[in-house]
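Asks: dropping the sequence and predicted coords here.
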Amino acid sequence: MTPVIKRLSILLAVIAVLVIACAVFFPDFSAVKNTVLSLYSTARQHFLVTLLVLLALNIVSQMLALPAKTVLSLSAGALIGYLPGAAVTLTGVIAGSAVLFATVRWTGFSLPGKFRPESLGSRIVERIRARPIRAVMGLRLVLTLPYPAITVGAAAAGIKLRHFIIGSLIGDAPVVVIYNIAGERLRQLAAPSDAISVNEIIILSAAAIVLIASVFFRMKKKKA
């Protein structure tokens with residue numbers, strides 16, 4: 001068993017234990033749901049303000065390289081619904097990443113020439129530069145990689161900003177949409193049993209597919 005698969009198995013086991021414990025000790029989510037619905041009602045009443053706040057939080061978190069995309073995506077889906085939530089999350093994430101990308105370029109930090117010829121680092125940089133859009137898109141789908149690190153690495157590799165944005169949009173879109181759908185569905189849960197439905201199974205299956213695909217993509221990159 002590879003280290004990646006081992007860590008993934010441990011993560012899934014922990015999640016399963018938490019779900020079972022939640023079902024046993026918290027059979028009713030009514031109190032939590034009432035709080036979430038209250039926040040949802042407030043967000044709908046001040047929809048534009050909520051959009052701007054979520055947009056600003058996503059931009060700032062990416063500019064400062066903070067690991068907040070998952071939490072903000074789930075929150076957006078829960079507060080304003082998955083379609084507007086996904087749109088504002090993706091817009092903020094791309095805008096903030098573009099600023100971080102430009103900042104790295106402005107500092108003059110560059111990876112080409114930093115590694116010995118034929119070394120692993122040199123080969124990785126060459127592949128990113130050869131197919132920048134596909135490289136960024138693939139890296140964005142690897143959920144176990146730190147998001148800001150991909151932005152810094154892409155900028156330092158010397159690819160063009162437009163290629164970075166296009167690759168990020170394509171790679172980020174499915175992940176952001178899934179997280180926002182999950183956030184919206186979590187808002188509607190009143191008890192653990194509510195999660196066992198066709199819609200939730202489809203959503204969780206989609207999330208699992210993205211996660212597994214990202215793990216195998218990472219393993220393939222390591223072997224290469």
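Replies: That came through, no problem.

Asks: for the nearest residue to residue 57 once chain neighbours are set aside, pull up the helix or strand it's in.
Replies: Using CB to CB, 6 or more residues apart in numbering and skipping the chain neighbours, the partner closest in space to residue 57 is residue 72 (5.8 Å). Bear in mind the C-beta positions are built from the backbone N, C-alpha and C, glycine included. Assigned by DSSP states H and E, residue 72 falls within helix 69-80.

Asks: what comes up buried for that helix?
Replies: For helix 69-80, the neighbour count (16 or more other CB atoms under 10 Å) marks 69, 72-80 as buried.

Asks: what residues does the residue nearest to residue 57 make contact with?
Replies: Residue 72 makes contact with 54, 57-58, 61, 89, 92, according to CB atoms under 8 Å, 6 or more residues apart in numbering.

Asks: returning to that earlier point: and the furthest pair within the buried residues of helix 69-80?
Replies: 69 and 80 (16.4 Å; CB to CB).

Asks: pull out the buried positions in the strand or helix carrying residue 57.
Replies: Here residue 57 sits within helix 47-63, counting by DSSP H and E. By 16+ other CB under 10 Å, the buried positions in helix 47-63 come out as 50-51, 54-55, 57-59, 61-63.

Asks: low-confidence ranges, this structure, go.
Replies: 1-36, 111-121, 189-224 (pLDDT under 70).

Asks: do that again at 50, thanks
Replies: The model of the chain has pLDDT under 50 over residues 191-193.

Asks: only alpha carbons, please: show stretch 165-183 as PDB.
Replies: The C-alpha coordinates for stretch 165-183 follow below in PDB (Å, rounded to 0.1, in the frame of the first residue of the first chain):
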ATOM      1  CA  ILE A 165      -6.100  31.400 -15.300                       C
ATOM      2  CA  ILE A 166      -7.600  29.100 -17.900                       C
ATOM      3  CA  GLY A 167      -6.100  26.000 -16.300                       C
ATOM      4  CA  SER A 168      -7.300  27.100 -12.800                       C
ATOM      5  CA  LEU A 169     -10.800  27.700 -14.100                       C
ATOM      6  CA  ILE A 170     -11.100  24.300 -15.700                       C
ATOM      7  CA  GLY A 171      -9.500  22.500 -12.800                       C
ATOM      8  CA  ASP A 172     -11.200  24.400 -10.000                       C
ATOM      9  CA  ALA A 173     -14.800  24.500 -11.400                       C
ATOM     10  CA  PRO A 174     -15.800  20.900 -10.700                       C
ATOM     11  CA  VAL A 175     -14.300  20.900  -7.200                       C
ATOM     12  CA  VAL A 176     -15.900  24.300  -6.300                       C
ATOM     13  CA  VAL A 177     -19.300  23.200  -7.600                       C
ATOM     14  CA  ILE A 178     -19.200  19.900  -5.600                       C
ATOM     15  CA  TYR A 179     -18.200  21.700  -2.400                       C
ATOM     16  CA  ASN A 180     -21.000  24.200  -2.800                       C
ATOM     17  CA  ILE A 181     -23.600  21.600  -3.500                       C
ATOM     18  CA  ALA A 182     -22.400  19.700  -0.400                       C
ATOM     19  CA  GLY A 183     -22.700  23.000   1.600                       C
END
